[in-house]
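>>> give me the fold of what follows.
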Amino acid sequence: MSLRLQAHLGTLRQMEILLAVYDSGSVGGAAEALHLTQPTISMQLKKLTDVVGLPLYNIVGRKVVFTEAGLEVVKTATEVLDSFSRLEMALSDMGELKSGTLRLAVVTTSKYFIPHLLGPFCERYPNVAVQLNVGNRQQIIDRLKQGIDDFYVFSHPPGDLNTDSIEFFNNPLVAIAHENHPLVKQRDVSLAELCNEPFLMRENGSGTRLAIEKFMSKQGVKLNVKMTIESNEAIKHSVMSGLGVSILSAHTLAFGGNMGLAQLKVEELAINSNWYFLWLKTKRPSAIAQAFLTHVESDGRQMLLTELSKHK
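Model prediction:
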């Protein structure tokens, strides 16, 4: 491409716009996030596409699907804007943490406790903005590969990427049913009895599903899957409606509410995992990212234990 990287691969504003489209998945979403009109977004993207000389994305239905070239530009734009962010923070009161953006990408189930970590941090640093992206395991892996965010939260982190991590918090999975389900009255529910019930399963790409399938495979049993549902909340409401039983993270019930639900006492069900914070080894952390990691390691676990005790 040379052309002196064609005016430095577009303006910084065009890079911001491109990342907003990538994050929201649509031109309309980017326009809303940046408080710009859709024609303005489209015009700036066209200018950036002309500079690069290759298509950056395609419109499929109402979604924006990035090309290989587009993903490379997203990766570079992230690195450039991160560099400017670090420079801005370094020059601001000689390194005092006063402003900037913390970017987190977390799997769906962790959305129940992450706000309890962010609250005290944002109270301490009121001018720090937070961008919180929530998706299933595969979606967060895709973001990790692009290096879009400061930290990524998984219960089953990928093992094939160049990352550092800290083990953060226990994540037990439990079986649930409608509070009036016959199995609720039993002191001991066997795994075979659970497998005979209509089962509501998370979608492919979900970390919860991955853990359940691995466990059932080891036990040599198969669940009676009747429905595949893409969110914990939808599963909970389906269980409340008597559509079947399910297995979810205990944190989904503790932080997200358990009205109309009951935990089944399945002694053979021992699916234990942990929550991890991951970050790319190749990405230099910002001052904000370093401050948040210190906050998580020093105070975060105790904060969550305190919150969990309130919900028991």
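>>> what does the host helix or strand of Val106 rub up against?
In the assignment (DSSP states H and E), Val106 maps to strand 100-107. Contact with strand 100-107 is made by 85, 88-89, 114, 121, 128-137, 140, 143-144, 148-155, 206-207, 286-289, 292, as judged by CB atoms under 8 Å, 6 or more residues apart in numbering. Heads up, the C-betas are built off the backbone N, CA and C, glycines and all.
>>> for these, which PyMOL command selects only the ones that are buried?
Buried members of the contacts of strand 100-107, defined by 16 or more other CB atoms under 10 Å, are picked up in PyMOL with:
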select buried, resi 85+89+114+121+128+130+133+134+135+136+137+140+143+144+148+149+150+151+152+153+154+155+206+207+286+287+288+289+292
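>>> got the buried residues for the strand holding Val106?
Buried, per 16+ other CB under 10 Å, within strand 100-107: Gly100, Leu102, Arg103, Leu104, Ala105, Val106, Val107.
>>> any chance of these in JSON lines, with pLDDT and distance to Ala254 too?
Shown next, in JSON lines, are these (pLDDT from 0 to 100; distance: CB to CB, whole Å):
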{"residue": "Gly100", "pLDDT": "79", "distance to Ala254": "32"}
{"residue": "Leu102", "pLDDT": "92", "distance to Ala254": "25"}
{"residue": "Arg103", "pLDDT": "93", "distance to Ala254": "26"}
{"residue": "Leu104", "pLDDT": "96", "distance to Ala254": "20"}
{"residue": "Ala105", "pLDDT": "96", "distance to Ala254": "23"}
{"residue": "Val106", "pLDDT": "95", "distance to Ala254": "17"}
{"residue": "Val107", "pLDDT": "92", "distance to Ala254": "17"}
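>>> against which helices or strands is the helix ranked longest in the chain packed?
The longest helix of the chain (DSSP state H) is helix 68-91. Here helix 68-91 touches helix 3-9, helix 12-24, helix 38-52, strand 100-107, helix 137-146, helix 287-295, going by 3 or more CB pairs under 8 Å, 6 or more residues apart in numbering; DSSP states H and E.
>>> among these, which is the most enclosed?
Most buried of the helices and strands packed on helix 68-91, by mean neighbour count (mean count of other CB atoms under 10 Å): strand 100-107, with a mean of 22.
>>> name the nearest residue to Thr252, ignoring sequence neighbours.
Asn232 (4.8 Å; CB to CB, 6 or more residues apart in numbering).
>>> any idea how far that neighbour lies from Gly29?
With distances taken as CB to CB, to the nearest Å, Asn232 is found 23 Å from Gly29.
>>> likewise for Ile148?
Taking CB to CB, one finds Ile148 at 15 Å from Gly29.
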